[in-house]
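Participant: this is the structure alone, sequence omitted:
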C-alpha cells in the first residue's frame, strides 16, 4: 500500500485520534477541511529539471526521478571536481550539498628526480610553486595548475657538459669558432689560438691547440706535444718558406724582390730590405759618359732618372730629346732609378757610339738598375762621325767585293763548261 504523506504533524495526531474514536463508537465529523486531509505521494523526488544541480554541474548518472531514501552521482564539467552529495529525503524532499570545485593537480607525481621545494602534494587550480632543482641546476620556470592541467617546471643546467671542440652558449653547446679550440669536457669557453694565426685554420670544432697553424709570416713555438705556445713573427719583409710549417726563425726567407740582411746564409737573418734604387747621374758622371760636348753621349730616355737642380735649364746642358718646356717643367727627376728599371743613352744625329778608337765594336747604350748597382756603357764610350760613316762604307765595299768575286767565279765556271762541251 502507498504510504501516507503527512503535510502537517498535527493532522497526523488527529487522524490517529479519529481512528481510535471510530473503533470505540464515537461519532466523527462528516467533513474535514481540505488542507488538513492526508494525501498519498509516489515516494520519489523529481529530478527532471536541473535546478537542483550546482554551477557547472551535469546530471551524470542521476535519473529524472530519484526514489525516496536513495542517492545519485552527478558530475561537473571538465576541469572541476564534484564534492558533496544529493539524496531524496523522506517525503520527496531533495537534499543536496553538491559543489563543483576547480580541479587540483598532483604536483609530486611530476617532480621526477627533483625535490618538492614549496610544492604541496595537491596543487590548487590557479596556484604555482617552485620545486627544488638541486646542485648545478637553475629553476627556469615554475610548476602551475589550471583546472587539473599541470604545467611542468623547467630546471636547466648552469654548466653544460659540452664535448671537446664545443662551448656553452646560452642553453646549448655550440662548436668552437674558427681559430679557437677546447680540449676538455665542460661549458668552456673555447681558447683562441695565439696572435699570428692563419685566419683559415684551424677548422671549427678543434679540440687541441695542435690544430693552431701560424700564418705565412710567423713561425710556431710549439711544445713537445705539438701545441702552439706562440706565433713569432719572421724578420721584417720575410715569410715562411713555401711548402713547410715554420717552427724556427731559420724557416723564414725574404719575400720576392727583397734582399736578405746580412746576405750570408750562415748568419742569422736580421731583416729583409727592399732593393735599392740606382743613382744614374752619379754613374754617368763617374764614367764621364754624358755632357754638352758634341762627342759626349746624350741622356736620351735616362734624363728622367737624373737629378736636375732647381732652376737649371737642362736643354742647354744635355739633350734629353725633350722640348725645352718639358725639360724645364719635369719635376720627377730625383736622381734615382728604381730597381729593375732601364733607360737608353743616345748620340746626336750623324754620329754613332764607339769605345776608344774601335768603331767596329757594337756598343750597348742601355742603362739598367739591379739593387743599387748601375749597369751601362763602358767608360770612354763616345760618339763620332767616323763610327757613323766608316762602318757602312766598309760594309758596302765588302759587299761589292764579294759580289765581284762571285761574278768572276761564275764567269770562269762558264768558260770551263764551254771548253768541256767543245772537246
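Facilitator: Happy to help now that I have it. Only a predicted model underlies this, so the values are computations on that prediction, with no experimental measurement involved.

Participant: got a pLDDT number for residue 332?
Facilitator: Reading off the confidence values, residue 332 has pLDDT 48.

Participant: one more: residue 92?
Facilitator: As summarised for this prediction, residue 92 has a pLDDT of 80.

Participant: what sits closest to it if chain neighbours are left out?
Facilitator: In space, residue 92 comes closest to residue 45 once its chain neighbours are excluded; the distance is 5.3 Å by CB to CB, 6 or more residues apart in numbering. The way it works is simple: take the backbone N, C-alpha and C, and place the C-beta from them, glycine included.

Participant: burial count for that neighbour?
Facilitator: By the other CB atoms under 10 Å criterion, the neighbourhood of residue 45 contains 24 residues.

Participant: where's it, which helix or strand?
Facilitator: Under DSSP states H and E, the secondary-structure element containing residue 45 is strand 44-46.

Participant: quick one: strands adjacent to that strand?
Facilitator: strand 65-67 (antiparallel) (DSSP bridges).

Participant: any low-confidence regions in the stretch 151-300 of the chain?
Facilitator: With pLDDT under 70 as the threshold, the stretch 151-300 of the chain has low-confidence stretches at 199-205.

Participant: show me where it has its strands.
Facilitator: When assigned using DSSP state E, counting those that start in this stretch, the strands of the stretch 151-300 of the chain occupy the ranges 154-157, 166-169, 172-175, 180-181, 191-192, 218-222, 228-233, 238-240, 252-254, 259-261, 271-273.

Participant: so which bits of the longest one are buried?
Facilitator: Taking 16 or more other CB atoms under 10 Å as the neighbour-count basis, strand 228-233 is seen to contain the buried residues 228, 231-232.

Participant: can you list contacts of that strand?
Facilitator: Outside strand 228-233, the residues that touch it by CB atoms under 8 Å, 6 or more residues apart in numbering are 193-197, 209-210, 212-215, 217-223, 249.

Participant: what angle do it and strand 218-222 make?
Facilitator: Angle of strand 228-233 versus strand 218-222, following axes from the mean of the first three to the mean of the last three CA atoms, to 10 degrees, is 160 degrees.

Participant: partner strands of strand 228-233, with direction?
Facilitator: Applying DSSP bridges, one finds strand 228-233 paired with strand 218-222 (antiparallel).

Participant: and the partner strand, how far out from the chain middle?
Facilitator: Strand 218-222 has its average C-alpha position 25 Å from the chain's average C-alpha position, going by CA atoms, centre = their mean, to the nearest Å.

Participant: now stretch 356-366
Facilitator: A distance of 66 Å separates the centroid of the chain from that of stretch 356-366, by CA atoms, centre = their mean.

Participant: end to end on it, go ahead and measure it.
Facilitator: Length of stretch 356-366, first residue to last, CA to CA, to the nearest Å: 18 Å.

Participant: and if you look at stretch 172-179?
Facilitator: Its first and final residues considered, stretch 172-179 spans 20 Å by CA to CA.

Participant: what's stretch 64-82 in contact with?
Facilitator: Under the contact criterion CB under 8 Å, 6+ apart, stretch 64-82 has outside partners 43-48, 53-54, 56-63, 85-92, 94, 98-104, 125, 146-149.

Participant: and that stretch, end to end?
Facilitator: Start to finish, the residues bounding stretch 64-82 are 19 Å apart (CA to CA).

Participant: where's residue 49 relative to residue 65, distance?
Facilitator: As judged by CB to CB, to the nearest Å, residue 49 and residue 65 stand 12 Å apart.

Participant: check residue 184 too.
Facilitator: Here the criterion is CB to CB. By it, residue 184 lies 78 Å from residue 65.

Participant: neighbours of the nearest residue to residue 248 once chain neighbours are set aside, how many?
Facilitator: Closest residue to residue 248 in three dimensions, ignoring its sequence neighbours and counting by CB to CB, 6+ apart: residue 219, at 6.0 Å. The burial metric for residue 219, expressed as a neighbour count using other CB under 10 Å, is 24.

Participant: next up, the contacts around residue 219.
Facilitator: With contact set as CB under 8 Å, 6+ apart, residue 219 has these partners: 231-232, 234, 240, 246-249, 251-252.

Participant: of the residues you listed, buried ones?
Facilitator: So, by 16+ other CB under 10 Å, the buried ones in the contacts of residue 219 are 231-232, 234, 240, 246, 251-252.

Participant: would you mind giving these as CSV with distance to residue 158 added?
Facilitator: Below are the buried ones among the contacts of residue 219 laid out as CSV (distance: CB to CB, whole Å):
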residue, distance to residue 158
231, 35
232, 39
234, 45
240, 44
246, 43
251, 46
252, 47
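
Participant: residue 50 reaches residue 62, doesn't it?
Facilitator: No: with contact defined as CB atoms under 8 Å, residue 50 does not count as touching residue 62 (9.8 Å).

Participant: what is the helix or strand containing residue 398 packed up against?
Facilitator: Using DSSP H and E, residue 398 sits in helix 386-422. Secondary-structure packing of helix 386-422 (3 or more CB pairs under 8 Å, 6 or more residues apart in numbering; DSSP states H and E): strand 352-355.

Participant: since that was my last question, I'll sign off now.
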